[in-house]
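Chemist: need a 3D model of the following:
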Amino acid sequence: MLERRGLMLVLSSPSGAGKTTIAQKILERDSNIAFSVSETTRPMRPGEQDYVDYHFVSEEQFQKNIEEKKFLEYAKVFGYHYGTPKAPVKAALKQGQDVLFDIDWQGARQLGQKVRGDLVSIFILPPSIEILEERLRKRAQDDEQTIKKRMARAKSEIIHWVEYGYVIINNDLESTVEKVYSILKSERLRRRRQQGLDDFVTRMIGLSEEVE
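Modeler: This is a model prediction of the structure:
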């Protein structure tokens with residue numbers, strides 16, 4: 001078996017378009033992809049766990065990590081900072097472990113500038129703006145003011161769909177999960193990610209010549 005360098009699978013979408021649920025289903029299906037746990041300064045929500053959903057830190061600690069260049073990417077969203085720790089991601093990729101990111105377009109753009117060869121980016125679109133708002137209201141996690149802010153931000157986020165390698169309209173959750181998983185499997189087979197392939201083919205050709 002050839003060794004393979006891991007890839008970074010980025011899922012982005014407006015809030016409520018389904019990326020978090022899709023990410024969870026991909027993680028449940030495949031043991032060779034791990035979730036990148038972001039650091040954040042926002043408060044922990046009911047049901048969340050530290051170091052599982054996010055690593056919750058103070059604003060002071062986050063700023064210190066920025067100064068020490070510990071993030072692959074970071075951004076400020078709705079008044080709170082979010083960032084991807086560099087060390088665990090690089091270690092996973094080197095070992096052939098894929099890493100899944102649930103981040104916005106700002107983070108995806110920063111990753112693309114730093115680690116383009118390892119990046120596979122997918123933007124999830126809702127079927128319509130009306131359906132997106134309906135999904136946000138059904139979640140019952142936000143008050144009216146927050147929903148309005150999320151809807152206003154959604155339109156500014158959707159504009160960035162052109163920056164992604166793949167775009168999927170989430171009409172049906174299970175179908176969308178299948179499409180995302182198909183992309184993951186195909187990207188794993190890209191020639192540049194299969195380490196030692198040149199040597200493998202060279203040995204194969206050499207062996208064939210000896211047999212002749």
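Chemist: helix or strand for residue 76, which one?
Modeler: strand 71-77 (DSSP states H and E).
Chemist: in that strand, what counts as buried?
Modeler: 71-75, 77 (16 or more other CB atoms under 10 Å). Quick note: C-beta positions are derived from backbone N, CA and C, even for glycine.
Chemist: what is the least confident helix or strand in this protein?
Modeler: helix 197-211 (a mean of 78; mean pLDDT, DSSP states H and E).
Chemist: list of residues touching that helix?
Modeler: 2, 191 (CB atoms under 8 Å, 6 or more residues apart in numbering).
Chemist: that older thread, need the buried residues of strand 71-77 in a markdown table (columns: distance to residue 43).
Modeler: Converted to a markdown table, the buried residues of strand 71-77 look like this (distance: CB to CB, whole Å):
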| residue | distance to residue 43 |
| --- | --- |
| 71 | 20 |
| 72 | 24 |
| 73 | 22 |
| 74 | 18 |
| 75 | 18 |
| 77 | 14 |
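Chemist: looking at these, which is nearest residue 3?
Modeler: residue 72 (22.7 Å; CB to CB).
Chemist: list the contacts of that closest one.
Modeler: 83-86, 89, 110-111, 114-115.
Chemist: measure residue 160 to residue 106 for me?
Modeler: Spatial separation of residue 160 from residue 106 under the definition CB to CB, to the nearest Å is 9 Å.
Chemist: one more: residue 76?
Modeler: Residue 76 is 9 Å from residue 106, by CB to CB.
Chemist: and for residue 50?
Modeler: 24 Å.
Chemist: those two: which has the busier surroundings?
Modeler: residue 106 (17 against 11; other CB atoms under 10 Å).
Chemist: quick check: that one touching residue 82?
Modeler: No. In this structure residue 106 lies outside contact range of residue 82 using CB atoms under 8 Å: 9.0 Å.
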